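1. how does the following fold in three dimensions:
(one chain, ligands or ions: 2)
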Amino acid sequence: MLKGLLDLHNLLRWFILILLLVNIIKNYASINKPFTTGDKKLGLWLMICAHTTFLVGLILLIIKLTQLPAGVSVMKNDALRFSFVEHPVAMLIAIVLITIGRGVFRKNISDAKKHTRAATLFLLALIVILAMIPWATSSLVPGM
Ligand code: HEM
Ligand code: HEM
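-> Numbering: from 1, shown residues only. Ligands and ions are numbered 1, 2, ... in the order given. Just a heads-up that it's a prediction; the model follows:
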């Protein structure tokens with residue numbers, strides 16, 4: 001179960017990264033165009049992937065926490081602190097940025113502002129995510 005969840009979480013990273021790039025490019029390229037249903041749908045797919053990754057990450061976190069040996073100090077160990085504190089907190093911030101970015105279409109602002117705000121929030125999320133993915137310790141292909 002842990003392996004399956006880890007592979008799913010690993011795979012979802014690629015969906016999020018691709019959807020973030022597509023959303024950022026599409027929004028920046030459409031600044032002078034209307035905010036369409038297509039833009040909303042792209043944001044919705046990103047939202048579904050981000051929230052599912054969050055949920056799977058939360059379950060992983062809980063399972064892994066229960067498997068920690070007694071008496072181990074998470075905060076004093078760099079690898080454990082990354083997995084249990086830094087990665088989850090940073091990714092939660094990124095997912096909040098994505099959720100706010102996706103919500104801009106409901107705001108009473110011009111379509112140009114909707115595109116720039118969404119693109120900027122998604123870009124910030126992308127930077128945080130790229131910085132906090134455990135590139136060195138995770139397989140690039142899920143399941144390998
Ligand atoms: C612990 C897990 C989750 C939490 C805490 C959570 C939290 C939230 C919150 C606070 C919003 C409202 C955002 C807003 O006001 O715009 C939201 C919206 C949404 N969530 Fe989640 N979510 C979770 C899991 C999921 C999962 C697993 C999915 C995918 C299957 C999902 C898909 C969505 C979608 C599609 C929306 C946007 C609905 C819309 O704007 O029309 N969420 N979620
Ligand atoms: C955009 C959001 C996220 C991305 C792209 C992401 C990406 C990843 C990747 C690639 C791995 C390594 C998987 C492997 O070894 O096969 C991982 C591990 C993990 N993630 Fe995430 N993650 C995200 C959000 C979260 C969140 C929100 C949580 C917790 C609430 C979380 C908890 C974990 C845990 C506990 C591990 C296992 C760490 C370990 O085994 O050392 N992740 N994540």
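
2. state the distance from residue 111 to residue 46.
-> 19 Å (Cβ to Cβ, to the nearest Å). All C-beta spots, glycine's among them, are computed from the backbone N, C-alpha and C.

3. neighbour count for these two, which is higher?
-> For residue 111 versus residue 46, neighbours defined as other Cβ atoms under 10 Å are more numerous around residue 46 (24 against 16).

4. relative to ligand 1, how far out is the residue nearest to residue 2 when sequence neighbours are not counted?
-> In space, and not counting its chain neighbours, residue 2 is closest to residue 63: 5.6 Å by Cβ to Cβ, 6 or more residues apart in numbering. According to Cβ to the nearest ligand atom, to the nearest Å, residue 63 and ligand 1 sit 15 Å apart.

5. next secondary structure after the helix or strand harbouring residue 63?
-> Assigned by DSSP states H and E, residue 63 falls within helix 37-66. Counting by DSSP H and E, the next helix or strand C-terminal to helix 37-66 is helix 78-81.

6. please work out the average pLDDT along that next one.
-> Mean per-residue pLDDT for helix 78-81: 95.
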